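[1] Need a 3D model of the following:
(chains A and B)
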There are 2 protein chains.
Amino acid sequence: LRVAVVKNILDANSRIAQENRKLFDKLGLTVINLMSSPGAGKTTLLEQMGKHFGGQLKIGVIEGDIQTTLDAERVAAAGLEAVQIETDGACHLDANMIAAAIDGADYADVDMLFIENVGNLVCTAGYDLGEHVRIVVLSTSEGDDKATKYPAIFQGSDAMVITKTDLKPHLNFNTDRITADLKRLQPDAAVFEVAALQGQGISDAADWLLAKRPHRK
Amino acid sequence: LRVAVVKNILDANSRIAQENRKLFDKLGLTVINLMSSPGAGKTTLLEQMGKHFGGQLKIGVIEGDIQTTLDAERVAAAGLEAVQIETDGACHLDANMIAAAIDGADYADVDMLFIENVGNLVCTAGYDLGEHVRIVVLSTSEGDDKATKYPAIFQGSDAMVITKTDLKPHLNFNTDRITADLKRLQPDAAVFEVAALQGQGISDAADWLLAKRPHRK
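    Got it, this is the predicted structure:
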């Protein structure tokens, strides 16, 4: 019975995610789901993406947090349009929260919508939000064993962005090891390395995202 | 109805946690629940605690991971007795998993048992395992805004151990800010700063843990 209940919840989520995706497609909006542990650097990555695409593309952001609007304030200060979802304890976003957030919002002029998920390397993996691209963000400080220890999120991602590469001289982080572990789980995944505070590596990841935009208005 | 079901699960967990705690008390075993994001440094902290207490106390470890026995192998290599729980996807340990892990294990000679929870700053917070001491571990790399953004786990902890303080010169991490945020949530919480790989700060945290042992055999 318990399995059946969980399956129904996931079925319901998938159905709403498909509706979200249809709407995004109609709007010509490319939607990216950013997932990571707390503090991996998703918000800083967003600030830099906003800076990189400034003038070229209009970027929207949906911020998912358990509490506070700190991240939405940060990206708004960086000039990005942000909607905050406070999950009030829930450990991940789901498709229904996204449906509620986009209902009534005006995305007619927006080209690319980033959804920053709750900081959680486990629970976010199981929920399709209706996005086109899933990115797992991993900071060098977290260690190069994480793809093996938390496989679901890596297996389900189109790309891994390794952040805080400026800390590598002070850590034992082997990019080859985690890349090999990732490719075993998801052979097609792209890998990017960034030091976002220094703006390094942003353009490679941004170019890859641009190439994911087949449906222009 | 949904709220009622969740409440029953938590009630059942509390009941089993109380049984675990009774057994731990009978054994004169001090039990510590270590919680953090993935890669905050729980395992390295354990390795150093084992080294610190070596000869003085007998330390046991229960490792909680979604998959792999990597962490149990690491602490075993450091000379600690380790039992691995693989949660097979579950995002936190619960009291029943601990009851199963200690059933049949021989803790008669063990003084202190560390439970390393799954790397998750959200889901681990809600589940009493029967421990006497709850510690939230936060690495400097994760940022000093985490107590505000993930309040439940900080509010429920007896101490916060800030790890990777050797990285502070390369980060914008303000110990005063996160300590103030923590104290707002939990005025009695102790705060420790460690650079575990360098063995710095371990003895202060270890002394504090020793003082938590009123029930000696």
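[2] For chain A, just list every one of the strands.
    Along chain A, counting by DSSP state E, strands occupy A:30-36, A:59-65, A:81-86, A:112-116, A:133-139, A:159-163, A:190-193.
[3] Lowest mean pLDDT across those, which one is that?
    Mean pLDDT is lowest for strand A:81-86 among those, at a mean of 92.
[4] Which residues does that one contact?
    Applying CB atoms under 8 Å, 6 or more residues apart in numbering or on different chains, the contact partners of strand A:81-86 are A:58-69, A:71-72, A:75-76, A:93, A:97-98, A:100-101, A:105, A:110. Using the backbone N, CA and C atoms, a C-beta is placed for each residue, glycine as well.
[5] Rebuild the strands of chain A as CSV, extending it with distance to residue B:118 and mean neighbour count.
    CSV is the format used below for the strands of chain A (distance: least, CB to CB, whole Å; neighbours: other CB atoms under 10 Å in any protein chain shown):
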stretch, distance to residue B:118, mean neighbour count
strand A:30-36, 16, 26
strand A:59-65, 20, 26
strand A:81-86, 24, 19
strand A:112-116, 22, 25
strand A:133-139, 17, 25
strand A:159-163, 21, 25
strand A:190-193, 25, 18
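[6] got those strands as a markdown table, with distance to residue B:120 columns?
    Conversion of the strands of chain A to a markdown table gives the following (distance: least, CB to CB, whole Å):
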| stretch | distance to residue B:120 |
| --- | --- |
| strand A:30-36 | 12 |
| strand A:59-65 | 16 |
| strand A:81-86 | 19 |
| strand A:112-116 | 18 |
| strand A:133-139 | 15 |
| strand A:159-163 | 19 |
| strand A:190-193 | 24 |
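[7] out of those strands, nearest to residue B:53?
    Closest to residue B:53 of these, according to CB to CB: strand A:133-139, at 30.4 Å.
[8] got the angle between the closest one and strand A:159-163?
    30 degrees (axes from the mean of the first three to the mean of the last three CA atoms, to 10 degrees).
[9] hmm, strand A:133-139 in reach of chain B?
    Yes. Contact of strand A:133-139 with chain B (CB under 8 Å from any CB of the partner chain) involves residue A:139.
[10] Can you tell me the closest non-neighbouring residue to residue A:47?
    In space, not counting the residues next to it along the chain, residue A:47 is nearest to residue A:78; the distance is 4.2 Å by CB to CB, 6 or more residues apart in numbering or on different chains.
[11] how about low-confidence regions in chain A?
    Regions of chain A meeting the criterion pLDDT under 70 cover residues A:1-6, A:214-217.
[12] Return the residues of it in contact with chain B.
    Selection of chain A residues close to chain B by CB under 8 Å from any CB yields A:37-39, A:65-68, A:70-71, A:89, A:91, A:118-123, A:139, A:141-143, A:145-146, A:148-152, A:164, A:166-167, A:170.
[13] I am finished for the moment; much appreciated.
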